[in-house]
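Need a 3D model of the following:
(one chain, ligands or ions: 1)
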Amino acid sequence: MSTATTPLVVFGPSGVGKGTLIKRLFADYPDKFAFSVSHTTRAPRPGETDGKEYHFVTQDTFKSLLSENAFIEHAQFSSNFYGTSVRAIEAVQSTGRRCILDIESQGVRQVKETDLHPVYVFISPPSMGVLRERLRGRATDSEEAIQKRLATAITEISYAREEGACDYIIVNDDLDTAYNKFRDVALGNPIQGDTLPPLDD
Ligand SMILES: Nc1ncnc2c1ncn2[C@@H]1O[C@H](COP(=O)(O)OP(=O)(O)OP(=O)(O)O)[C@@H](O)[C@H]1O
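Numbers count the residues shown, from 1 in each chain. Modelled structure (predicted):
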């Protein structure tokens, strides 16, 4: 299968730099990569267009799509449902682009049950201390929200330690070094992956 048809799943704790890496990839290769458009039951925010940021659907529609196995992964955040449909991935593939999925380990586990067979990349922080500093430096969350994200980070990291959880581990310490590795994986070039740091600090 060519890389244009094999999706790339990117996961890792919140604040590790997934968005930073993906944004740079999209900027460098605007015609090669894209996110799929997810479904959500949450209301559109001002400026959001149906089919662009999300496919906005009702709870009933979401449930019927779910029962038709339309989603390769889905999750609930507060009272809203979010899901990635097979068709949304196919829509990206039909443009000749590689589909990038930025999801949590809960979603990764679900994708593993499907016949999608993507490439899985785990983005690791160099240490828990650095992750904490990045979350604080981003200054988008309260200290309480940061503590919650750090607790969730433990779940993400312990999943990455499981046998066969990921094809590649990239430690996002120096951004350019991590990006070069990430770009190579995204372009379908094999890399020497990193080993997971102890992350016991
Ligand atoms: N290698 C790096 N060195 C220093 N700072 C970095 C590095 N990579 C990312 N950052 C910074 O860390 C912060 C978190 O990055 P980012 O928002 O991309 O994380 P994320 O994994 O996408 O988080 P979320 O899952 O919550 O969206 C940002 O302020 C970003 O600029």
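
for residue 7, what are its contacts?
By Cβ atoms under 8 Å, 6 or more residues apart in numbering, the contact set of residue 7 is 89, 98, 99, 100, 101, 116, 118, 119. From N, CA and C alone the C-beta is placed, and that goes for glycine too.

In strands, which of the residues you listed fall?
Using DSSP state E, the subset of the contacts of residue 7 located in strands is 98, 99, 100, 101, 119.

Check the fourth one and give its pLDDT.
The predicted local distance difference test score for residue 101 is 97.

what pairs with it across the strands?
Beta-bridge pairing for residue 101 (DSSP bridges): residue 9.

sorry, back to before: can you narrow the contacts of residue 7 down to the ones near the ligand?
Of the residues in the contacts of residue 7, proximity to the ligand by Cβ under 6 Å from any ligand atom holds for none.

Out of the residues you listed, flag the one nearest to residue 23.
residue 100 (10.8 Å; Cβ to Cβ).

Contact partners for that closest one?
Counting by Cβ under 8 Å, 6+ apart, residue 100 makes contact with 7, 8, 10, 22, 25, 33, 34, 35, 186.

can you pick the most crowded of those?
Neighbour counts for these (other Cβ atoms under 10 Å) peak at residue 10, which has 27 neighbours.

need the helices for the protein, in chain order.
18-28, 59-67, 86-93, 105-112, 128-138, 143-160, 175-186 (DSSP state H).

want to throw these into CSV with mean pLDDT?
Listed next are these as CSV, based on pLDDT from 0 to 100:
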stretch, mean pLDDT
helix 18-28, 98
helix 59-67, 98
helix 86-93, 97
helix 105-112, 97
helix 128-138, 95
helix 143-160, 95
helix 175-186, 98
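
would you list those in TSV and tack on distance to residue 166?
Formatted as TSV, those follow (distance: least, Cβ to Cβ, whole Å):
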stretch	distance to residue 166
helix 18-28	13
helix 59-67	26
helix 86-93	19
helix 105-112	8
helix 128-138	17
helix 143-160	6
helix 175-186	11
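
Could you point out which of the ones you listed sits nearest residue 198?
For residue 198, the closest of the helices of the chain is helix 128-138, at 9.4 Å, according to Cβ to Cβ.

Tell me what angle the closest one forms with helix 18-28.
Computed with axes from the mean of the first three to the mean of the last three Cα atoms, to 10 degrees, the direction of helix 128-138 lies at 70 degrees from that of helix 18-28.

Send me helix 128-138 as CSV with only the CA atoms.
Taking C-alpha atoms only, helix 128-138 is exported to CSV below (Å, rounded to 0.1, in the frame of the first residue of the first chain):
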residue,chain,number,x,y,z
MET,A,128,7.5,14.4,32.7
GLY,A,129,9.1,17.6,33.9
VAL,A,130,9.4,18.9,30.3
LEU,A,131,5.8,17.9,29.6
ARG,A,132,4.7,19.8,32.6
GLU,A,133,6.6,22.9,31.5
ARG,A,134,5.2,22.7,28.0
LEU,A,135,1.6,22.6,29.3
ARG,A,136,2.4,25.5,31.6
GLY,A,137,4.2,27.4,28.9
ARG,A,138,1.2,27.0,26.5
